[in-house]
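A.B. asks: build me a model:
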Amino acid sequence: MKWARSEQEFQNVLRRLELALDASQIGVWEHNTGTDEVLWDLQMHRLYATATTNGKITPAQWVSAIHPDDRAKAEQDFEEAIQRKGDYFSEFRIVLPNGDVRHLRSRAHYYENGHTGTFIGAEWDVTADVLLNRELSHQKAIAEARTLALEASTAQIEYAAEHDYLTGLPNRRYFDKRLAELANDTSLEQLAVLHIDLDYFKHVNDTAGHLAGDAVLKSAALMIASVVPEGGFVARMGGDEFVILISDFSMLRELEVVAEHVVRLLKQGVSYSGRLLQTGASIGVAWVNDGNAANLLAESDVALYRAKKLGRNRVEFFAPHLKTELSRDRRVAEHVKLGIERGEFIPFYQIQVCARTQRIVGIEALARWNHPKRGLLAPESFLKVTTTLGLMAEFDAAILKAVLRDRQSWQERGIDVPRIAVNTSANDCPILL
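C.D. replies: Numbers count the residues shown, from 1 in each chain. Coordinates of the predicted model:
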């Protein structure tokens, strides 16, 4: 009775094992290396779709089912396991009779019974896992490619954000960052800014066009960059302005040499479409030797203003009294703006008489400022400041409008108006009305 219960328990274990194998779709095989006999269970036949249930097969049947590209590797894995009399593991593809390709994983333990070795193993279909891993690898590769593209795009955006699109030089943002870095570097003893403004640039734009202006800016950038000393930094601040940062120079003469070199180069002009465009440079220089660079750019701008005021194509160094001069000129400029709005700038007429007939043959319009407090002012009291601070276009327009208004009034009153010559800053010759 006790034996019967044990037999029953053994059968129950076998049924559970068969159920587990069937549910997991794991095939079981046995290979006797002495007789080369191979036994397959039903699940093995299902995996290979042999359409048979014969327990015995030949090794050739197994080999022929393996994908041609995996056959040599699969046979090698089995031969190596036989040689070392150890466990066997391999993965390979098989080709089913209908042409479908499946991925299988095979494992086996090696046993010896006397002089005969036997492998008892299991195989199962891992196609879904292989395809999933392949898809995951593909998606990972895509994600990595996208990450690299994003990093490259970010680098391009960061570069574009800190560089001028036309000249390729660092822009104002990059300059501010670099100036702050140098100002905070305690190892630096001296720091200087060379503030460069291109002379005649507006004239080039107005007469030759914006493409010519772009060519001037590109050429100027190359010329300026070519003279920057090692460790220096050059940037385009916008428009026709550039700056050079130089640190740890030994004497001011070094700064002057660099600035004068830039002036000489730009004074040569720029060749464009078979013509030589007139260019030049006014440069303001400011420096510190105490690490306090907070006002360095503003002070170089003050020096630049003086260079332009004194005739352009020159270099000026900052001095404290220049701030007072600039403040005074800016107050004059504000008054000029206000005077233009109020119509305080008027033409003063000087007649032109024919020496032979003593008849009036023309009138020359001379600009005067009818100042509300200082009375009638001649051009020398305001014209230079107006030119330096870029107010001449508004000033010329105001004088021309006044002249045209006067001429119309004279004509309405029946007065025969001769030609009127109006001097403007934008023309070498006066405008004749």
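A.B. asks: what's the first-to-last distance across stretch 37-55?
C.D. replies: Start-to-end span of stretch 37-55 (C-alpha to C-alpha, to the nearest Å) is 10 Å.
A.B. asks: could I get the average pLDDT for it?
C.D. replies: Mean pLDDT, taken over the full extent of stretch 37-55, equals 91.
A.B. asks: which of the residues in it are buried?
C.D. replies: Neighbour-count burial for stretch 37-55, with 16 or more other C-beta atoms under 10 Å as criterion, is recorded at 38-41, 43-48, 50. Just so you know, the C-beta spots here come from the backbone N, C-alpha and C atoms, and that holds for glycine as well.
A.B. asks: just give me the closest of those residues to A293.
C.D. replies: A293 has its nearest neighbour among the buried residues of stretch 37-55 in L47, at 78.2 Å by C-beta to C-beta.
A.B. asks: contacting residues around that closest one?
C.D. replies: 25, 27, 94, 102, 104, 123-125 (C-beta atoms under 8 Å, 6 or more residues apart in numbering).
A.B. asks: ok, so what distance separates it from D100?
C.D. replies: If you measure L47 against D100 using C-beta to C-beta, to the nearest Å, the figure is 12 Å.
A.B. asks: give me the number of residues near E162?
C.D. replies: One way to gauge burial is a neighbour count; for E162, by other C-beta atoms under 10 Å, it gives 17.
A.B. asks: what does V101 give?
C.D. replies: Here the count is done by other C-beta under 10 Å, and V101 has 11 residues near it.
A.B. asks: quick check: bridge partners of it?
C.D. replies: Counting by DSSP bridges, V101 forms beta bridges with V95.
A.B. asks: please tell me how far it sits from L131.
C.D. replies: V101 sits 11 Å away from L131, going by C-beta to C-beta.
A.B. asks: please apply the same query to Y349.
C.D. replies: Y349 is 96 Å from L131, by C-beta to C-beta.
A.B. asks: lowest mean pLDDT among the helices and strands of this structure, which one is it?
C.D. replies: Every helix and strand of the chain was ranked by mean pLDDT, DSSP states H and E. The lowest is strand 431-432, at a mean of 56.
A.B. asks: hang on, the earlier thing: quick one: buried ones out of the contacts of L47?
C.D. replies: So, of these, 27, 94, 102, 104, 123-125 end up buried under the neighbour-count rule (16+ other C-beta under 10 Å).
A.B. asks: about what we covered before: dump the contacts of L47 to TSV, plus secondary structure.
C.D. replies: Listed next are those as TSV, based on DSSP: H, G, I helix; E, B strand; the rest coil:
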residue	secondary structure
Q25	coil
G27	strand
I94	strand
R102	strand
L104	strand
E123	strand
W124	strand
D125	strand
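A.B. asks: quick check: mean pLDDT across stretch 244-258?
C.D. replies: Mean predicted confidence for stretch 244-258 is 90.
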